[in-house]
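J.: pasting the sequence and the predicted coordinates here, then a few questions.
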Amino acid sequence: MESGTINITYDADGSKLRRTFTAETGGATKVTTYINEYVYEETNTTPIAAQFISFEEGRIRPVTLRNEDNGLDAISLAGNLTLPNGKQGSIDYYLTDQRHYTRIILTEETQWSRSTASMETANGRGTIEQALFGQICANNEVLKSRVPKGDAPGWASNTTQFISKLNSTNKVGPNQLLKVMAGDQLSTMVQYYYQTPVTNSSGSTVFNDVLGMLASAIIGSG
């Protein structure tokens, strides 16, 4: 967090009017202006802009629209309100405790995204997918299971240079830990190939392996 000086201006009734932050390192000076329920922000390098409008149960804030798609990964952000000048906004609701401290913020902002584990390494995909689909350590599932496509010579329909190979040693391949809430929708797809018919055994430890991987991802160990 950047250090600096904060000056706050109040009116005679004790209502906050303005907050000014000046960085010690000579960075941008940020000014936040409060006019009743309206909150604005500006710096010495950016013009003044509305940040949000407060109401009893939450706020209305502008949403920066995004619509990006590189063919493998994509993201789309949009609001649920139409604002002036072609902008969009979103309503956020505050869930508070008995002391009126905000504990959870529920938003009506809409977000759609797609992530693809192609297993490829060209154009920086290797680094991107290892961060998205595996633990950040030596046991990274993408890194450990990635093999050349020649390891599956019978997979004639495959057009990639690398694949994820699972066996008794590498039982878990690319994966993601996602935070979801009520109303979220999740869709998954996988392309797979097996060389010979598989015989399941009652002594399989895959379930325990997945639980261990999940625990490591949550607590950040491994």
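T.: Done, it's in. Owing to the predicted nature of the structure, the values given are computational and were not obtained by experimental measurement. Residues are numbered from 1 along each chain as shown.

J.: check contacts around the residue lying closest to Y10 once chain neighbours are set aside.
T.: Nearest non-adjacent residue to Y10, counting by Cβ to Cβ, 6 or more residues apart in numbering: K16, 5.8 Å away. In this view, the C-beta of every residue, glycine as well, is placed from N, C-alpha and C. K16 sits next to 8-10, 34 when contact means Cβ atoms under 8 Å, 6 or more residues apart in numbering.

J.: next SSE after the helix or strand where I105 lies?
T.: Assigned by DSSP states H and E, I105 falls within strand 102-107. Proceeding N to C from strand 102-107, the next assigned helix or strand is strand 110-114, under DSSP H and E.

J.: how far does that following strand sit from the chain's center?
T.: Distance of strand 110-114 from the chain centroid (Cα atoms, centre = their mean, to the nearest Å) equals 10 Å.

J.: where does pLDDT dip in this protein?
T.: Across the chain, the ranges flagged by pLDDT under 70 are 1, 198-207, 213, 217-222.

J.: which stretches in this structure count as strands?
T.: With DSSP state E as the criterion, the chain has strands at 4-10, 16-23, 30-35, 38-43, 49-55, 58-63, 66-69, 74-78, 81-82, 88-96, 102-107, 110-114, 146-148, 162-164.

J.: what does the fourth one contact?
T.: Read it as strand 38-43. Outside strand 38-43, the residues that touch it by Cβ under 8 Å, 6+ apart are 28-33, 48-54.

J.: what's the closest of those residues to D69?
T.: A49 (27.1 Å; Cβ to Cβ).

J.: now for the closest one: which residues touch it?
T.: 40-42, 62.

J.: which of those has the most neighbours?
T.: Per-residue neighbour counts (other Cβ atoms under 10 Å) across those peak at P62, which has 18 neighbours.

J.: in the strand holding I105, what's buried?
T.: T107 (16 or more other Cβ atoms under 10 Å).
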